[in-house]
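Enquirer: sequence and predicted model, in that order:
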Amino acid sequence: MMQDLLVTIAHHFFVFALVAALAAELALSGSAMNAAQIRRLGQIDAAYGIIAGLVVVAGVSRLLWGAKGSDYFVQNPVFWAKMATFVAVGLLSVPPTIRILRWRRLSREDRSFVPDAQELRLVRRFMHAQAMLIPLILIFAAAMVRGYGI
C-alpha cells in the first residue's frame, strides 16, 4: 500500500512539474528574446524533457508496482487513449526543442541573434497544442482509475 502511495505521489509531482515547465516556456517565449533568454529557454526545455522522462518512469512504476496491477491498465482502452495523448504531446515537443537548440547555437555565435517573430509564433503554437492536450491526459487518468473503459 505504501509503495502504491509513493509511486502515485511521484507520478503526480512530475506531471505537475511538467505543466509548470511548459508554462515557463510559454511565458519566456512570449516576446522578442535576447541571448540570455534563449539560453534560459533552452535550460527550461531540457528540464521539460527530463521531467517527461521522469513522468514515464513514475508511470511505469505505477503500472508495475501499483495497487491495481498492470492487467487493470493494459486491458483498458482509456489507458491507451491516455498513452496516445502523452505520445502526441511528446511529438509536439520535438519541433520547439529543435528550434530552441538551433537558437542557442546561433545566439552563442552571434550575441545579437533574435529569433524572428514568425518562427517564435510557430514554436508557441506547438507549445499551446501541448498545453491543450495535457488536460485530456488528466481526464483520461481520472476516468481510468475510476473504472471507465473496463
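Expert: Received, thanks.
Enquirer: which elements pack onto the helix or strand harbouring A81?
Expert: Assigned by DSSP states H and E, A81 falls within helix 77-109. The contact analysis (3 or more C-beta pairs under 8 Å, 6 or more residues apart in numbering; DSSP states H and E) places helix 77-109 against helix 35-65, helix 117-145. The way it works is simple: take the backbone N, C-alpha and C, and place the C-beta from them, glycine included.
Enquirer: pull the residues that contact the lowest-mean-pLDDT helix or strand in the chain.
Expert: Across the helices and strands of the chain, mean pLDDT, DSSP states H and E gives its lowest value to helix 70-74, namely a mean of 90. Applying C-beta atoms under 8 Å, 6 or more residues apart in numbering, the external contacts of helix 70-74 come out as 63-64, 79, 144, 150.
Enquirer: most widely separated two among those?
Expert: Using C-beta to C-beta, the two most remote members of the contacts of helix 70-74 are L64 and I150, lying 19.0 Å apart.
Enquirer: would you mark the buried spots in stretch 127-140?
Expert: Using 16 or more other C-beta atoms under 10 Å as the test for burial, stretch 127-140 gives 127, 130-131, 134, 136-137, 140.
Enquirer: scratch that, stretch 3-12 is what I was asking about
Expert: Neighbour-count burial for stretch 3-12 flags 7-8, 10-11 (criterion: 16+ other C-beta under 10 Å).
Enquirer: now those in JSON lines, with secondary structure and pLDDT?
Expert: Output for those, formatted as JSON lines (DSSP: H, G, I helix; E, B strand; the rest coil; pLDDT from 0 to 100):
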{"residue": "V7", "secondary structure": "helix", "pLDDT": "93"}
{"residue": "T8", "secondary structure": "helix", "pLDDT": "93"}
{"residue": "A10", "secondary structure": "helix", "pLDDT": "96"}
{"residue": "H11", "secondary structure": "helix", "pLDDT": "95"}
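Enquirer: among the residues you listed, which two are most distant?
Expert: Longest distance between any two of the buried residues of stretch 3-12 is 7.3 Å, between T8 and A10; criterion C-beta to C-beta.
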